[in-house]
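1. Need a 3D model of the sequence below.
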Amino acid sequence: MAPLARSPRGETSGASADSQEEILVLSAAAGAGHVSAAEALVAELNDRGQRSRHEEVLRLTNPVFKRLYSDLYLELVNHQPGLLGWMYDALDKPWQFQKRRLALDRLNTGPLKQLLRSHPPRLAICTHFLPAEILLHLRRKDGLQIPLGVVVTDLDAHALWLYRGVDWYFVAREETKAHLVRLGIPAETIHVTGIPVHPSFASPLPRREARLNLDLDPDLTTILVVAGGFGVGPVETIVRETRGVRGPVQVVAICGKNARLEKRLRELPANEGAPLHVVGFTREMAEWMAAADLFVGKAGGLSSSEALARGLVLVIVNPIPGQEERNADHYLEEGLAIRCNNLATLSWKISSLLEDAPRLDQMRQRVRRLAQPKAASHIASIVLGGDSTS
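-> Numbering: from 1, shown residues only. Now for the predicted structure:
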């Protein structure tokens, strides 16, 4: 067992000896990435023999509040993405809305507060800002000395992630650290680790072997279309376009939890020039990504980090206004992605990239340089006292 976690301020948890054995990783299912990042951290901690547990906190709120956070988010992504982007920008005002937001969150998170009071963990890591806010409130009000880490799951840190008193911030980029320092967050608490992906993404798997394992043609260029955990967006149109790429390719479409999308895609007519493999919800993303040449999808922080960990160049389509557009900007700036704003040109853009071997090779080199497949391991080392680098 690793030594008792100690925050950068020298504090240790005041919980009982039994509860100190457990590390609590808290997420919120407002988008699949927060949950996946939490699961990645739990997998890494468990691999190290550290008893840890994941709690998705929206199940510990009232039904109306849960709908506001999760169902409404998906509704806006599908039908009003422009409004979602406006809200993102309107709320991105550092330190301005914290008191009002905390008052609303406190009214609706009674079971979560009870859990933290009755079973305080050894330490907590939050992959969403909601549980971090509640835990910090309980530290101030009840004196719960639970060391707290906050994992920012996009490349930029929105104002909703800003708190005073966090013991460890984990961010994706040096620029994000510089931004937080300018906003008054102590530099020694900010660690540039990347966004945590499951440890399986760090395990080497040759592309040909992965394709054979998944019953794919081992000799065909493989385009992976990812609809995200909830299967949102114009995925059917994207799949149709990718099957029009020049040259022999095969297309794999990951539908997530969207059973209706999966059914529609399975009913598409056969195309000998571009075989289509339709996959529903899967926990084998590390293997599917190992089999692919290109990742086609939105610019979610978690899914993009997974793709980069597997060495994939990104083809960004319809990023959600707000955080995903900012992610896309960073990926384009680093030269490891292309972006398609008009789906009618998607097949042409992908064809042009695949036919330009020097450009594609250069982009792959940039992916390998910037990917952080061991982010979860780095975070675990820091909170367990084995690594204090930033």
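2. which residue ends up closest to the midpoint of this protein in space?
-> Leu302 (2.3 Å; Cα atoms, centre = their mean).
3. residue contacts, it?
-> By Cβ atoms under 8 Å, 6 or more residues apart in numbering, the contact set of Leu302 is Ala32, Gly33, His34, Ser36, Ala37, Thr153, Ile195, Val197. (Glycine included, C-beta is placed from N, CA and C.)
4. For Arg260, see how far away the fourth one is.
-> To Arg260, Ser36 is 22 Å away according to Cβ to Cβ, to the nearest Å.
5. Out of the two, name the residue with the larger neighbour count.
-> Ser36 (25 against 9; other Cβ atoms under 10 Å).
6. Looks to me like that one is in a helix.
-> Yes: under DSSP: H, G, I helix; E, B strand; the rest coil, Ser36 sits within a helix.
7. per-residue confidence for the residue nearest to it when sequence neighbours are not counted?
-> Nearest residue to Ser36, sequence neighbours excluded (Cβ to Cβ, 6 or more residues apart in numbering): Leu302, at 5.0 Å. Leu302 is assigned a predicted lDDT (pLDDT) of 94.
8. Confirm that Leu302 sits in a helix.
-> Yes: assigned with three-state DSSP, Leu302 falls within a helix.
9. If you tally nearby residues, what's the number for Glu44?
-> Counted with other Cβ under 10 Å, Glu44 comes out at 25.
10. In CSV, list the contacts of Leu302 along with distance to Tyr169 and pLDDT.
-> Output for these, formatted as CSV (distance: Cβ to Cβ, whole Å; pLDDT from 0 to 100):
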residue, distance to Tyr169, pLDDT
Ala32, 22, 80
Gly33, 17, 87
His34, 16, 92
Ser36, 19, 93
Ala37, 14, 96
Thr153, 12, 96
Ile195, 13, 97
Val197, 18, 96
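11. Nearest to Arg164 among those residues?
-> Thr153 (20.3 Å; Cβ to Cβ).
12. So the closest one is in contact with His34, correct?
-> Yes: applying Cβ atoms under 8 Å, one finds Thr153 in contact with His34, separated by 5.7 Å.
13. Identify the contacts common to those two.
-> With Cβ under 8 Å, 6+ apart as the test, Thr153 and His34 both reach Thr127, His128, Leu302.
14. quick one: which of those is nearest Pro204?
-> Closest to Pro204, out of all of the shared contacts of Thr153 and His34 and judged by Cβ to Cβ, is Leu302, at 20.9 Å.
15. can you tell me how far that closest one sits from Leu91?
-> Leu302 sits 21 Å away from Leu91, going by Cβ to Cβ.
16. likewise His191?
-> Distance from His191 to Leu91, by Cβ to Cβ: 25 Å.
17. Those two: which is more packed in?
-> Legend: neighbour count by other Cβ under 10 Å for His191 and Leu91, higher for His191 (24 against 14).
18. now the strands: where do they sit in the stretch 51-200 of the chain?
-> 52-56, 123-126, 148-151, 168-171, 190-192 (DSSP state E, counting those that start in this stretch).
19. Quick one: closest of those strands to Asp361.
-> strand 190-192 (26.9 Å).
20. Now tell me what touches the next helix or strand after the closest one from outside.
-> Using DSSP states H and E, the helix or strand that follows strand 190-192 towards the C-terminus is helix 207-213. Contact with helix 207-213 is made by Asp217, Pro218, Thr222, Glu287, Trp288, Ala290, Ala291, Ala292, Asp293, as judged by Cβ under 8 Å, 6+ apart.
21. How about helix 207-213, which residues are buried there?
-> By 16 or more other Cβ atoms under 10 Å, the buried positions in helix 207-213 come out as Arg207, Ala210, Arg211.
22. ok, now stretch 236-244?
-> Glu236, Ile238, Val239, Arg240, Glu241, Thr242, Arg243.
23. Would you mind giving those as TSV with secondary structure, distance to Leu123 and pLDDT added?
-> Formatted as TSV, the buried residues of stretch 236-244 follow (DSSP: H, G, I helix; E, B strand; the rest coil; distance: Cβ to Cβ, whole Å; pLDDT from 0 to 100):
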residue	secondary structure	distance to Leu123	pLDDT
Glu236	helix	44	88
Ile238	helix	41	92
Val239	helix	43	92
Arg240	helix	48	91
Glu241	helix	46	92
Thr242	helix	44	92
Arg243	coil	48	90
